[in-house]
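[1] 3D model of this:
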Amino acid sequence: MTTRPRKPGPNAPAPGKLTLPELGEMKRRSEKIVMVTAYDAPSARLADAAGADLILVGDSAAMVVLGHDSTVPATVDEMLVLTRAVTRGARRPLVIADMPFGSFQVSDETALVNAIRFVKEGDAEAVKVEGAGPTLSRVQALVGAGVPVMGHIGLTPQSATMLGGFKAQGRTAAKAGRLMADALALERAGCFAIVLEAVPAPVGDRITRALAIPTIGIGAGAATDGQVLVYHDLLGYQDGGPRFVKQYAKLGVEIRLALERYAEEVRSGAFPEERHTYSIPDEELELFEAELEDRSPEHH
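    I've put the predicted structure just below:
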């Protein structure tokens with residue numbers, strides 16, 4: 001008896017897509033994991049072409065895309081629009097949607113409803129949640145429902161005010177011990193990876209060695225299993241930023257200069273040139289002008 005091949009389910013990985021088991025194998029092989037944020041399809045396509053393993057649709061979009069002063073104002077609906085755009089542009093990288101402030105803190109049920117939206121409506125392969133403590137039950141609920149979860153500890157921007165601002169975390173023995181305990185608890189709860197943000201390099205090293213799941217560092221030293229930076233930071237859309245940011249380009253300067261040249265050419269009449277315009281056959285132009293002449297008030 002022969003059977004027809006089954007079509008892949010809605011959450012089945014596309015051919016060539018990095019999978020969670022492969023991500024775990026990368027840690028075991030000591031192969032560094034490359035993660036970058038993206039917020040639209042063109043950026044996702046470029047990150048994919050450059051060989052990124054993971055793309056985070058970060059709630060940092062509230063600041064670098066939407067112009068807010070913190071990540072807190074980002075909404076689920078806004079993040080869904082950005083996530084859908086990124087998943088259209090990414091082929092191989094796993095796309096992880098950041099769950100914004102208020103989308104998972106209220107209850108396990110609320111967290112599950114919103115996470116399912118990111119998977120079903122946003123086409124994300126996973127979600128990221130900040131913190132430990134009460135977040136542990138959220139992780140368990142999401143993983144139990146089949147939604148892969150990435151954790152995030154250290155400097156957690158959604159709760160930066162409670163942490164005393166955007167400052168490094170885990171700089172005392174007690175606080176470093178708390179981070180270690182949180183990381184182990186998130187692993188037990190079912191996270192497939194954990195972001196470590198703004199923690200001392202030795203602390204990032206110890207946590208990475210203690211976990212069986214990958215750690216992704218951002219300001220956590222070189223010993224973590226991978227690194228992540230915000231798209232606009234690493235490309236240099238503006239100067240400054242946290243000390244852990246390395247700018248690999250100065251696109252902000254290039255973009256401004258290009259816009260200035262464009263504005264100058266528009267005002268001087270240098271743009272558009274003939275090669276930027278479309279033609280019309282002479283006979284069609286004559287007919288068009290004759291019709292306009294017939295329609296003029298002088299002919300009525």
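
[2] At which residues are the helices of the stretch 1-150 of the chain located?
    In the stretch 1-150 of the chain, helices defined by DSSP state H, counting those that start in this stretch lie at 20-28, 41-49, 61-64, 76-89, 108-120, 135-144, listed in chain order.

[3] Which of these sits closest to Gln238?
    Among the helices of the stretch 1-150 of the chain, helix 61-64 comes nearest to Gln238, with 8.9 Å by CB to CB. For glycine as for every other residue, the C-beta is placed from the backbone atoms N, C-alpha and C.

[4] Show me the contact partners of that closest one.
    Residues outside helix 61-64 that contact it (CB atoms under 8 Å, 6 or more residues apart in numbering) are 37, 39, 68-74, 78-79, 82, 100, 230-233, 237.

[5] cool, stretch 29-48 as well?
    Applying CB under 8 Å, 6+ apart, the contact partners of stretch 29-48 are 23, 26-27, 51-58, 60-61, 64-65, 82, 85-93, 95, 214, 216, 225-231, 234.

[6] Likewise for stretch 142-151?
    The list of residues contacting stretch 142-151 from outside it, by CB under 8 Å, 6+ apart, reads 11, 20, 96, 111-112, 115-116, 119, 125-129, 132, 135, 139, 183, 186, 189-195, 216.

[7] Drop anything exposed from those.
    Under a neighbour-count criterion of 16 or more other CB atoms under 10 Å, the subset of the contacts of stretch 142-151 counted as buried comprises 20, 96, 111-112, 115, 119, 125-129, 132, 135, 139, 183, 186, 189-195, 216.

[8] Glu187 touches Thr215, doesn't it?
    No. In terms of CB atoms under 8 Å, Glu187 does not count as a neighbour of Thr215; the distance is 10.0 Å.

[9] Which neighbours do the two have in common?
    By CB under 8 Å, 6+ apart, the residues touching both Glu187 and Thr215 are Ile194.

[10] Those two: who's more crowded?
    When Glu187 and Thr215 are compared for neighbours, Thr215 comes out ahead with 27 against 19, by other CB atoms under 10 Å.

[11] Contacts only, for the more buried one.
    Neighbour list for Thr215: Ala183, Ala193, Ile194, Val195, Leu196, Gly204, Ile207, Thr208, Thr224, Asp225, Gly226 [criterion: CB under 8 Å, 6+ apart].

[12] run the last query once more with 6 Å
    By CB atoms under 6 Å, 6 or more residues apart in numbering, the residues touching Thr215 are Ile194, Leu196, Thr208, Thr224, Asp225.

[13] mind putting the helices of the stretch 1-150 of the chain in CSV, distance to Ala249 and mean pLDDT included?
    Formatted as CSV, those follow (distance: least, CB to CB, whole Å; pLDDT from 0 to 100):
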stretch, distance to Ala249, mean pLDDT
helix 20-28, 26, 97
helix 41-49, 12, 98
helix 61-64, 15, 95
helix 76-89, 19, 98
helix 108-120, 30, 98
helix 135-144, 35, 97
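
[14] For Pro200, which of those helices is the nearest?
    Taking CB to CB as the measure, those were each checked against Pro200, and helix 20-28 came out nearest at 21.0 Å.

[15] How about that closest one, which residues are buried there?
    Residues of helix 20-28 classed as buried under the neighbour-count rule (16+ other CB under 10 Å) are Leu20, Leu23, Gly24, Met26, Lys27.

[16] Likewise for stretch 240-252?
    Counting neighbours by 16+ other CB under 10 Å, the buried set in stretch 240-252 is Gly241, Phe244, Val245, Gln247, Leu251.

[17] Among the residues you listed, name the ones in helices.
    Counted as lying in helices by DSSP state H, out of the buried residues of stretch 240-252, are Leu251.

[18] Which of the buried residues of stretch 240-252 fall within strands?
    The members of those all map outside strands under DSSP state E.

[19] Which of the buried residues of stretch 240-252 sits closest to Arg178?
    Set against Arg178, the nearest of those by CB to CB is Phe244 (20.8 Å).

[20] quick one, what contacts that closest one?
    Phe244 makes contacts with Gly219, as judged by CB under 6 Å, 6+ apart.

[21] Can you tell me how far it is from Thr37?
    Using CB to CB, to the nearest Å, we find Phe244 at a distance of 14 Å from Thr37.
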